[in-house]
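In: Give me the fold of what follows.
(one chain, ligands or ions: 2)
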Amino acid sequence: MTQIIPFRSGINTCYIVKDRGAVLIDAATPGQGQSFSKLLSDSGIRPEEIQLIILTHGDFDHCGSAKEIQELTGAKIVLHEKDRTYLEESIFHWPEGTTAWGKISHTLFMPLVKKLIGKIPATKVDIVMDDNDLSLKEYGLEGKIVYTPGHTYGSISVVLESGDAFVGCLAHNRPPFVFRPKLPIYAMNLELLKESWIKVINMGAATIYPGHGNSFPVEKITKYLN
Ligand SMILES: [Zn+2]
Ligand SMILES: [Zn+2]
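Out: Numbering: from 1, shown residues only. Ligands and ions are numbered 1, 2, ... in the order given. Next up, the predicted model:
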């Protein structure tokens, strides 16, 4: 039985996924190690049970605490080759807006957020993804990591055989971004992002777990793909 434990941190939703093994999907903004540690103990999971830290992409709010959580758990960090420098070289990254609000909020908040967040603690990526799938079987999960570019060019998703799909910023589902499940309001290539959605849907994704906000049925997003 797969357990899905959301790790809510500010505007982010990261996930612990546990079956025969356990992984963490996304690592929030910097400085979240303590609250992650608390979630682990509240959930009865030992830090060393977490074998992978799968970063859906290299933005500051998804890999900010990767180094801290790695030190806590000893897990290997997974990130796609096209996004690895953001983490390995501490590059603050946040894609441009795709909607009016996306563009306005990006321009308005970028200087402030950049100042507040500061530098993302840099660390080495242990498993560098390319465009091929990576099976999670040896980590105790029935499913795989797949390449789903669009929000960034190195975005990846986790799709389980159960139909649970962890898509990072392939979708947004919370204010201040959106008020219901939608395509993200920030992206580097929206056409590529829609193709990634088709890929995820064709793999049997049924319940979508976004990087911001609550899970939702995949049907909620299909109308935005044409
Ligand atoms: Zn992002
Ligand atoms: Zn994000």
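
In: Show me which residues of the chain are close to ligand 2?
Out: Residues of the chain lying close to ligand 2 by CB under 5 Å from the ion are 61, 169. C-beta coordinates here come from the backbone N, C-alpha and C atoms, glycine included.

In: got any ranges where the chain has weak pLDDT?
Out: The model of the chain has no residue with pLDDT under 70.

In: In it, which residue sits nearest ligand 1?
Out: In the chain, the residue that lies nearest ligand 1 is residue 59 (3.4 Å; CB to the ion).

In: got a list of what the residue of the chain found nearest ligand 2 touches?
Out: Using CB to the ion, residue 61 is the residue of the chain that sits closest to ligand 2, at 4.4 Å. With contact set as CB atoms under 8 Å, 6 or more residues apart in numbering, residue 61 has these partners: 10, 11, 12, 28, 29, 94, 211.

In: The residue of the chain closest to ligand 1: neighbour count?
Out: Residues within reach of residue 59, counting by other CB atoms under 10 Å, total 26.

In: Would the helix of greatest length in the chain count as contacting ligand 1?
Out: Ordering each helix of the chain by length in residues (DSSP state H) puts helix 100-117 first. No - counting by CB under 5 Å from the ion, ligand 1 has no neighbours in helix 100-117; the shortest distance is 11.2 Å.

In: Likewise for stretch 8-16?
Out: No - for stretch 8-16, no contact with ligand 1 is found by CB under 5 Å from the ion; the gap never falls below 9.7 Å.

In: thinking again about what came up before, what's the separation between the residue of the chain closest to ligand 2 and residue 159?
Out: From residue 61 across to residue 159, the span is 22 Å (CB to CB, to the nearest Å).

In: what comes into contact with the longest helix of the chain?
Out: With contacts defined as CB under 8 Å, 6+ apart, helix 100-117 is touched by 29-30, 60, 64, 92, 94, 96-97, 176-177, 184-186.

In: one more time with 10 Å, if that's ok
Out: By CB atoms under 10 Å, 6 or more residues apart in numbering, the residues outside helix 100-117 that reach it are 29-31, 60-61, 64, 92, 94-99, 172, 176-178, 184-187.
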